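Engineer: Sharing a model prediction with you, sequence too.
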Amino acid sequence: MNKLLGVIFLTLMSSISFAQVGDSPIGTWQTVDEEGQKKALVQISQDPNGNLRGRILKLQQKPGALCVKCEGDKKDKPIEGMSIMWGLKKAQENNKWEDGAILDPSNGKTYNLKAELIENGQKFKLRGFLGISLLGRTQVWTRVQ
């Protein structure tokens with residue numbers, strides 16, 4: 001009887017865990033450049049206010065690079081470990097987030113950000129923009145974990 005309960009519990013927990021992966025962008029993501037080459041691994045987590053934030057775990061093209069074009073406290077700091085995304089709030093629509101910001105370490109600029117989980121939570125579509133969403137760029141990140 002205990003074995004049966006154990007199997008049921010493990011099955012239930014693994015289904016809950018799988019459902020959460022599809023509903024939340026929390027985890028590790030692979031970014032790519034415009035040519036489709038792997039660029040960085042980004043870890044997305046939740047801040048104390050429930051908003052999403054992201055930091056670069058690893059640069060794949062230029063390990064050890066510094067953010068020479070950044071301003072303020074990020075100026076000339078290592079990009080690996082740097083917080084590049086913050087304040088992304090859950091929108092009313094399922095699998096969408098809005099009102100965040102994202103830093104592009106290659107030019108040191110910060111953009112408004114909205115995002116959406118697509119393809120059953122395996123892809124994260126981010127739109128960085130200035131002012132209105134039409135004036136921006138979209139990237140699609142792939143879930144690693």
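Structural biologist: Ah, there it is.
Engineer: Look up which residues are beta-bridged to the most centrally placed residue in the chain.
Structural biologist: Centroid-nearest residue in the chain, with CA atoms, centre = their mean: Ile44, separated by 4.5 Å. Listed by DSSP bridges, the beta-bridge partners for Ile44 are Gly27, Gly54.
Engineer: With only the CA atoms kept, save stretch 38-49 in CSV.
Structural biologist: Presented in CSV, the C-alpha positions along stretch 38-49 are these (Å, rounded to 0.1, in the frame of the first residue of the first chain):
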residue,chain,number,x,y,z
LYS,A,38,24.4,30.7,-29.4
LYS,A,39,25.1,33.9,-27.5
ALA,A,40,24.4,33.5,-23.8
LEU,A,41,22.7,31.5,-21.1
VAL,A,42,20.2,33.6,-19.0
GLN,A,43,18.8,32.6,-15.7
ILE,A,44,15.2,34.0,-15.1
SER,A,45,14.0,34.1,-11.5
GLN,A,46,11.3,35.9,-9.5
ASP,A,47,12.0,38.9,-7.4
PRO,A,48,10.4,39.5,-4.0
ASN,A,49,7.6,41.5,-5.6
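Engineer: Not counting its own residues, what contacts that stretch?
Structural biologist: Residues from elsewhere that reach stretch 38-49 (CB atoms under 8 Å, 6 or more residues apart in numbering): 25-33, 52-61, 79, 84-86, 124, 141, 144. (Glycine included, C-beta is placed from N, CA and C.)
Engineer: Many thanks, have a good one.
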